[in-house]
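Student: Structural data only, the sequence is not supplied:
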């Protein structure tokens, strides 16, 4: 029994020695074939990284681009008040027909509504009476002139007849003008008046419904408001620190969220002389052509104002910029084969996969072309 135990121990010991030897051979072979790890030394200087083979990280010079300062502000589309035309009725009455409503696009002279008006009826009655009086006064003047020629009446009576005829003509002119002002059709003497569109455009306001009463101009609202939308305003809020960037008469680029590939031009027509005391901004008004009505009232837009002074800006490939902790960085070569991580302020993206650098590096300065690859390699 002791002999069996002893043999078993020798077998186990030999197996352990054999297996241990095999394991050592495998580990040695793996170490011979694997590449040596990159030696990275982090200097005391924050952001300075030293590597053994700096040539494995290609460098590229930052480009140079002339650019002007830009100011991006938000704005909203508003109607041009000089192109908003109210539709009113000088005759009071009751609406019997409505042929348009808010949002409709109308043309000049298009029928909007009909109103049954007692003012029109009274005006036509006065007009017919004035015609009858004028006719009578003309006949009396002719008779007086005939009798005066025969010596039957005095010249004084002829003068009285001439005065009556002149006054009758004045009454006819006044009643005719009143009908024209009220909007009556002289060829159709009726108490029914037609209200037509004074201009073409879009109805942006409606304050009348069917069977509603229509008052005269005694503080009553407009029946309709028609806006000419071929040109609109864009009202922007510009902070007081940015006011030197905007000037009356200059143009700004208008970007629409609904049409990202379309850019409109707007001319600065006014800068408010009064600041908003709550948010410390001034209202800047832009006039924009809107021929196909892509700009709608209340729509939010982004206005880009170009500064007056041109500046040199560096440009680098987008891959050379590392986005880390909500900030942008690039790696630039330092002495002794080291690299320095430099914080930059990234600008807009440019064609060809480039990115503008507002500050942090200068044009012509060398940077690592692939910042993310460098960051990943040095962290291993």
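Tutor: Structure received. Since the structure is predicted, the reported quantities are computational estimates derived from the model, not experimental observations.

Student: Residue 195 against residue 117, yeah?
Tutor: No. Applying C-beta atoms under 8 Å, one finds residue 195 not in contact with residue 117, separated by 10.3 Å. Heads up, the C-betas are built off the backbone N, CA and C, glycines and all.

Student: Show me the common contact partners of those two, please.
Tutor: Common contacts of residue 195 and residue 117 (C-beta atoms under 8 Å, 6 or more residues apart in numbering): residue 89.

Student: got the buried residues for whichever strand or helix holds residue 130?
Tutor: Here residue 130 sits within helix 118-149, counting by DSSP states H and E. Residues 119-121, 123-124, 126-127, 130, 133-134, 137, 140-141, 144, 148 are the ones in helix 118-149 that count as buried (16 or more other C-beta atoms under 10 Å).

Student: three-state assignment of residue 162?
Tutor: When classified by DSSP: H, G, I helix; E, B strand; the rest coil, residue 162 comes out as helix.

Student: Would you enumerate the residues in contact with it?
Tutor: Contacts of residue 162 by C-beta under 8 Å, 6+ apart are 141, 144.

Student: same thing but at 10 Å, please
Tutor: Residues in contact with residue 162 (C-beta atoms under 10 Å, 6 or more residues apart in numbering) are 137, 140-141, 144-145.

Student: Tell me the pLDDT of it.
Tutor: We have a pLDDT of 94 for residue 162.

Student: what's the answer for residue 7, then?
Tutor: Value for residue 7, per-residue pLDDT: 35.

Student: Equivalent analysis for residue 80, please.
Tutor: pLDDT, residue 80: 92.

Student: Quick one: residues contacting it.
Tutor: So residue 80 contacts 227-233, 269, 285, 287-288, 290 (C-beta under 10 Å, 6+ apart).

Student: After the helix or strand that residue 203 is a member of, which helix or strand is next?
Tutor: Taking DSSP H and E as the criterion, residue 203 maps to strand 201-206. Per DSSP H and E, the first helix or strand lying C-terminal to strand 201-206 is strand 213-214.

Student: Which single one of the contacts of residue 80 is nearest to residue 84?
Tutor: Using C-beta to C-beta, residue 227 comes nearest to residue 84 of the contacts of residue 80, at 5.1 Å.

Student: Give me the distance between stretch 159-173 and the centre of its chain.
Tutor: 62 Å (C-alpha atoms, centre = their mean, to the nearest Å).

Student: And stretch 144-152, by the same measure?
Tutor: With C-alpha atoms, centre = their mean, you get 80 Å for stretch 144-152.

Student: ok, and what's touching it?
Tutor: Stretch 144-152 has contacts (C-beta under 10 Å, 6+ apart) with 153-162, 164-165.

Student: Any of those buried? List them.
Tutor: 153, 158, 161, 164-165.

Student: Now those residues in CSV, please, with extra columns for distance to residue 172.
Tutor: CSV is the format used below for these (distance: C-beta to C-beta, whole Å):
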residue, distance to residue 172
153, 26
158, 22
161, 17
164, 13
165, 11
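
Student: Show me the chain divided up by domain.
Tutor: What automatic domain parsing lists as the domains of the chain is 41-67+311-378, 72-81+228-310, 84-117+191-227.

Student: Out of those domains, the one nearest residue 172 is which?
Tutor: Residue 172 lies closest, by C-beta to C-beta, to one member of these: domain 84-117+191-227, at 20.0 Å.

Student: State the pair within the contacts of stretch 144-152 that is farthest apart.
Tutor: The span of these, defined through C-beta to C-beta, is set by 154 and 165 at 17.6 Å.

Student: and residue 101, what helix or strand is that in?
Tutor: Using DSSP H and E, no helix or strand contains residue 101.

Student: Quick check: closest non-adjacent residue to it.
Tutor: Excluding the flanking residues, the one nearest residue 101 by C-beta to C-beta, 6 or more residues apart in numbering is residue 206, at 6.0 Å.

Student: burial of the one you found, as a residue count?
Tutor: 19 (other C-beta atoms under 10 Å).

Student: cool, and the one 4 residues further on?
Tutor: Other residues within reach of residue 210 by the criterion other C-beta under 10 Å amount to 10.

Student: Excluding covalently adjacent residues, which one is nearest to it?
Tutor: That would be residue 98: by C-beta to C-beta, 6+ apart, it lies 5.3 Å from residue 210.

Student: what about residue 254, distance to residue 269?
Tutor: Here the criterion is C-beta to C-beta, to the nearest Å. By it, residue 254 lies 14 Å from residue 269.

Student: Have a look at those two and say which one is more surrounded.
Tutor: More crowded of residue 254 and residue 269, by other C-beta under 10 Å: residue 254, with 21 against 13.

Student: Could I get the pLDDT score of that one?
Tutor: Model confidence at residue 254, given as pLDDT, is 95.

Student: Quickly list what it is bridged to.
Tutor: On the basis of DSSP bridges, residue 254 is bridged to residue 264, residue 303.

Student: gap between it and residue 223?
Tutor: 33 Å.

Student: what bits of the stretch 151-300 of the chain have low per-residue confidence?
Tutor: 217-219 (pLDDT under 70).
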